[in-house]
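Chemist: sequence and predicted structure below; questions after.
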Amino acid sequence: QVHLVESGGGLVQAGDSLRLSCAVSGRTSSTYAMGWFRQVPGKEREFVATISGSGMSTYYGDSLKGRFTISRENVKNTVVLQMNSLKREDTAVYYCAAASSTSPIRAGSGSSLYWGQGTQVTVSS
């Protein structure tokens with residue numbers, strides 16, 4: 001079992017930066033691929049980014065690369081999503097996810113992923 005807890009969400013203004021963290025615990029947690037999704041009420045969950053267990057491979061959702069950066073600190077069992085130049089449309093609940101590889105995360109295979117409880121990010125204009 002893998003347990004995920006997100007933190008770092010909040011209210012910011014457009015153009016600001018925000019750093020989300022996901023604390024990972026559980027057996028072999030440092031070998032899991034990790035990722036972030038976001039969801040707005042009434043819309044489908046959107047893939048944001050994923051990083052491999054080694055940290056050597058990263059993938060981003062369309063149009064997010066360049067503003068968002070995913071990284072991991074395996075010593076601390078933490079995955080970080082650095083979000084820069086935030087826009088109003090980035091407002092959503094952000095969820096951390098874990099899986100055995102990046103493939104199911106990129107595919108958004110919800111049933112094969114471990115999920116955190118989510119953290120709200122609100123960007124005001």
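Modeler: Received the coordinates, thanks.
Chemist: which strands or helices does the helix or strand hosting A97 pack on?
Modeler: Secondary structure from DSSP states H and E places A97 in strand 92-99. Where contact means 3 or more C-beta pairs under 8 Å, 6 or more residues apart in numbering; DSSP states H and E, strand 92-99 is packed against strand 2-7, strand 18-26, strand 33-39, strand 114-115, strand 119-124. Every residue, glycine included, has its C-beta placed from N, CA and C.
Chemist: now do 10 Å
Modeler: Counting contacts by 3 or more C-beta pairs under 10 Å, 6 or more residues apart in numbering; DSSP states H and E, strand 92-99 is packed against strand 2-7, strand 18-26, strand 33-39, strand 46-51, strand 78-83, helix 102-107, strand 114-115, strand 119-124.
Chemist: which is the next helix or strand following the fourth one?
Modeler: Right, the one you point to is strand 46-51. Criterion used, DSSP H and E; the element after strand 46-51 is strand 58-60.
Chemist: returning to what we had before: mean neighbour count, the helices and strands packed on strand 92-99: which tops it?
Modeler: Comparing the helices and strands packed on strand 92-99 by mean neighbour count (mean count of other C-beta atoms under 10 Å), strand 33-39 comes out on top with a mean of 25.
Chemist: got the CA positions of that one in CSV?
Modeler: Output in CSV follows, covering the C-alpha atoms of strand 33-39 (Å, rounded to 0.1, in the frame of the first residue of the first chain):
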residue,chain,number,x,y,z
ALA,A,33,6.5,6.6,-10.6
MET,A,34,4.7,9.7,-9.4
GLY,A,35,2.4,12.2,-11.0
TRP,A,36,0.0,15.1,-10.7
PHE,A,37,-3.5,15.5,-12.0
ARG,A,38,-5.9,18.4,-11.6
GLN,A,39,-9.7,18.6,-11.8
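Chemist: tell me the strands beside it, with direction?
Modeler: strand 46-51 (antiparallel), strand 92-99 (antiparallel) (DSSP bridges).
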